[in-house]
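Asker: compute the structure for the input listed below.
(2 chains)
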Number of protein chains: 2
Amino acid sequence: MKKLINTAETVLEDALAGVAAAHPELAVDLANRVITRAVRPPDPKVALVSGGGSGHEPLHGGFVGPGMLDAACPGEVFTSPVPDQVLAAAEAVDSGAGVVFVVKNYTGDVMNFELAAELAAERGIEVRTVLVNDDVAVEDSTWTAGRRGTGATVAVEKIAGALAERGAPLDAVAALGERVNAASRSFAIALTGATVPAAGRPGFELAEDEIEVGVGIHGEPGRRREKLRPARELVAEVVSTILTDHHLTAGDEVIALVNGLGGTPLLELYIVFGEVAARLAEHGITVARSLVGNYVTSLDMAGFSLTLTKADAQLLELWNAPVDTPALKRA
Amino acid sequence: MKKLINTAETVLEDALAGVAAAHPELAVDLANRVITRAVRPPDPKVALVSGGGSGHEPLHGGFVGPGMLDAACPGEVFTSPVPDQVLAAAEAVDSGAGVVFVVKNYTGDVMNFELAAELAAERGIEVRTVLVNDDVAVEDSTWTAGRRGTGATVAVEKIAGALAERGAPLDAVAALGERVNAASRSFAIALTGATVPAAGRPGFELAEDEIEVGVGIHGEPGRRREKLRPARELVAEVVSTILTDHHLTAGDEVIALVNGLGGTPLLELYIVFGEVAARLAEHGITVARSLVGNYVTSLDMAGFSLTLTKADAQLLELWNAPVDTPALKRA
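Answerer: Residues are numbered from 1 along each chain as shown, chains lettered A, B, ... in the order given. Sure thing, here's the model as predicted:
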């Protein structure tokens, strides 16, 4: 295993020390492992809290800031945050207007956020939960009942975050988050496995000419393994798979995220995006807004995911709203 | 070779098609391979043009936009742009106020930008060139006489770009770019080699426990190969090497860039940044501003570089100025 770490045991605490040093605009509670905005919003507002296993950076800590999340609670690598940690995050950011938990659909995350919601309720904090389950590759997976939550998390956090920032009430923010999730579908292809530091070797191994089609962000199995093909062919299949599931049709507009899984250069992600835009154009679908880069990674995994969120005027307007986080900024 | 490409021959044109599709705020001249701002600055201003081989994304195309570059000209992967291409970029963005070329110190780049400057002069365009040569690892290298140009390019383009945006004259913008370069030092460590698509295999191979200390962004040899060590030890050596060369002392302030070389996850870059900040603090040096992420990559190479720019009030004020590019945004 070749990694820029001190020890496998201290990966999260060492990384959080780095986040604290790099981002004076964030406050990092190293004891509770909670990242919040250094400057609290001036007026009471619904707070957005997300979290999950580490190893998907910039998700979620990189999305804390005005216009997006109020707090993130990172678990150990590929491991859910514990309920007390999530509770600490909720207590740190609740202004009395309530808290929305954005939870990717993994059994451990769902359970621990649910426990945290109960503990928060006992302390008088109103909580709503938005479950993200956008990955169309498989129904049920290694750590998931139902569909896995992946790239749509970025759109949910951005768009619901923008609404919360404007002072919308708790139920409206949660309902919008659910609407964004329902409007989103994702699919991923891996060229290599990811190596969890504590394991010391890749979660799965692929031959030199082999890819995993429909992989999860922890290396969960996809639909099949096959030979690597040109980007154009891979993207055509990914787009067609998403469109079929999503019932997108000519005239529709989408927000498109071409996301690197951690080990793939931006040069290749742009090639992928070019193919995505071309395939969508053939279907009469317009890319209204897009992101290309590493947003929801899987440690050092090479590969990409595509997320398409069906857009409408409200979603686009909120997508365009100002945001100021380490990983996503818009004036 | 496992890459998300169509063919090795079309990597650049396919990637530029993706950049064009992803960024309506940019204009991509696919024939000349020049990326400019889609909206020209309203008033005449000094134009900043940079370029170099592809494979270092987001450098340079990702830094085109208000507050930074006016144009980028990407060559083939790890190959200099040709003089006509650079000339086309200069002609596209000159408003009569002159053009500053930001050139990383590689023999091919230096030669081709020099030829382009002569051609531009014949057409009545005044050109100044800022040579970036910040890499302290070695004197002379595979494709370089003198020191290589690496991470300082980001600071030069950001800070000189901010001054140009305010309407400063040609000589002042060029002089400031040179001042930023002179205030900057970089050093890189590779954990793996990079694979150029046309070559099909890594430029160099490292054993499973081996690193290249002082590597260049095209895989040029560094100072030595050695065993992988904890991040803390690697960073201590990198910081100490830069401080020695740079004569930084207690009380100094720096802008610090912890840069991923393309295949290293953000989680690890934050661990590196935490160590950088801690080591600098031991020396009494303050990180005034920082960036952590993939800014000057080397295709899929795993590893990092550290760039320290000695800061003063003028450099910090211009570093903080608004910028709106795909890879760097600040309100």
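
Asker: mind checking how far stretch A:77-95 is from the chain centre?
Answerer: Centre-to-centre, stretch A:77-95 and its host chain are 17 Å apart (Cα atoms, centre = their mean, to the nearest Å).

Asker: residue ranges for the helices of chain A, please.
Answerer: A:11-22, A:83-93, A:107-122, A:152-165, A:170-182, A:231-246, A:266-282, A:313-319 (DSSP state H).

Asker: for the longest one, give the mean pLDDT please.
Answerer: Okay, so that is helix A:266-282. For helix A:266-282, mean pLDDT rounds to 98.

Asker: what is it packed up against?
Answerer: helix A:231-246, strand A:253-260, strand A:286-293, strand A:303-310, helix B:11-22 (3 or more Cβ pairs under 8 Å, 6 or more residues apart in numbering or on different chains; DSSP states H and E). In short, each C-beta sits where N, CA and C put it, glycine included.

Asker: pick the most deeply packed of the ones you listed.
Answerer: strand A:303-310 (a mean of 27; mean count of other Cβ atoms under 10 Å in any protein chain shown).

Asker: keeping just the C-alphas, turn it into CSV.
Answerer: The C-alpha trace of strand A:303-310 is given here as CSV (Å, rounded to 0.1, in the frame of the first residue of the first chain):
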residue,chain,number,x,y,z
GLY,A,303,-13.0,5.6,-12.8
PHE,A,304,-16.0,8.0,-13.0
SER,A,305,-19.6,8.3,-12.2
LEU,A,306,-22.3,10.2,-14.0
THR,A,307,-25.2,11.8,-12.2
LEU,A,308,-28.1,13.4,-14.1
THR,A,309,-30.6,15.5,-12.2
LYS,A,310,-33.7,16.4,-14.2
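
Asker: in the stretch 51-200 of chain A, what residue is nearest chain B?
Answerer: Per Cβ to the nearest Cβ, residue A:57 is where the stretch 51-200 of chain A lies closest to chain B, at 4.0 Å.

Asker: residues in contact with the residue lying closest to that residue once chain neighbours are set aside?
Answerer: In space, residue A:57 comes closest to residue B:266 once its chain neighbours are excluded; the distance is 4.0 Å by Cβ to Cβ, 6 or more residues apart in numbering or on different chains. Applying Cβ atoms under 8 Å, 6 or more residues apart in numbering or on different chains, we find residue B:266 in contact with A:57, A:58, A:62, A:262, A:294, A:297, B:260, B:292, B:293.

Asker: tell me how many other residues crowd the residue nearest to the second one when sequence neighbours are not counted.
Answerer: Nearest-residue entry for residue A:58: residue A:327, 3.5 Å, with adjacent residues in sequence omitted and distances by Cβ to Cβ, 6+ apart. If you count neighbours by other Cβ atoms under 10 Å in any protein chain shown, residue A:327 ends up with 22.

Asker: who's in contact with residue A:327?
Answerer: By Cβ under 8 Å, 6+ apart, residue A:327 lies in contact with A:58, A:62, A:63, A:295.

Asker: from what I see, residue A:189 and residue A:223 are in contact.
Answerer: No - using Cβ atoms under 8 Å, residue A:189 makes no contact with residue A:223, being 10.1 Å away.

Asker: grab the nearest non-local neighbour of residue A:321.
Answerer: Spatial nearest neighbour of residue A:321, excluding adjacent residues (Cβ to Cβ, 6+ apart): residue A:162 at 3.9 Å.

Asker: no, scratch that, I was asking about residue A:257
Answerer: residue A:307 (4.2 Å).

Asker: any idea what that neighbour is bridged to?
Answerer: Residue A:307 forms beta bridges with residue A:186, residue A:257, as assigned by DSSP bridges.

Asker: now do residue A:293
Answerer: Using DSSP bridges, the beta-bridge partners of residue A:293 come out as residue A:259.

Asker: touching, it and residue A:262? I think so.
Answerer: No - at 11.2 Å, residue A:293 does not count as touching residue A:262 under the criterion of Cβ under 8 Å.

Asker: circling back to that earlier point, pick the most buried one from the helices of chain A.
Answerer: Between the helices of chain A, helix A:152-165 has the highest mean count of neighbours, a mean of 27, where neighbours are mean count of other Cβ under 10 Å.

Asker: for the residue nearest to residue A:223 when sequence neighbours are not counted, give me its contacts.
Answerer: Using Cβ to Cβ, 6+ apart and skipping the chain neighbours, the partner closest in space to residue A:223 is residue A:214 (3.9 Å). Applying Cβ under 8 Å, 6+ apart, we find residue A:214 in contact with A:137, A:138, A:187, A:188, A:189, A:221, A:222, A:223, A:224.

Asker: redo that, cut-off 10 Å
Answerer: A:135-138, A:141, A:148, A:187-190, A:220-225, A:238, A:241 (Cβ atoms under 10 Å, 6 or more residues apart in numbering or on different chains).

Asker: which regions of the stretch 201-331 of chain A lie under the pLDDT threshold?
Answerer: Judged against pLDDT under 70, the stretch 201-331 of chain A has no low-scoring part.

Asker: and the most centrally placed residue in chain A, what does it touch?
Answerer: Closest to where the C-alpha atoms of chain A average out (Cα atoms, centre = their mean) is residue A:153, at 3.8 Å. Residue A:153 makes contact with A:50, A:52, A:56, A:59-60, A:63, A:102-104, A:130, A:132, A:134, A:177, A:180-181, A:184, A:186, A:217, A:257, A:295-296, A:307, according to Cβ under 10 Å, 6+ apart.
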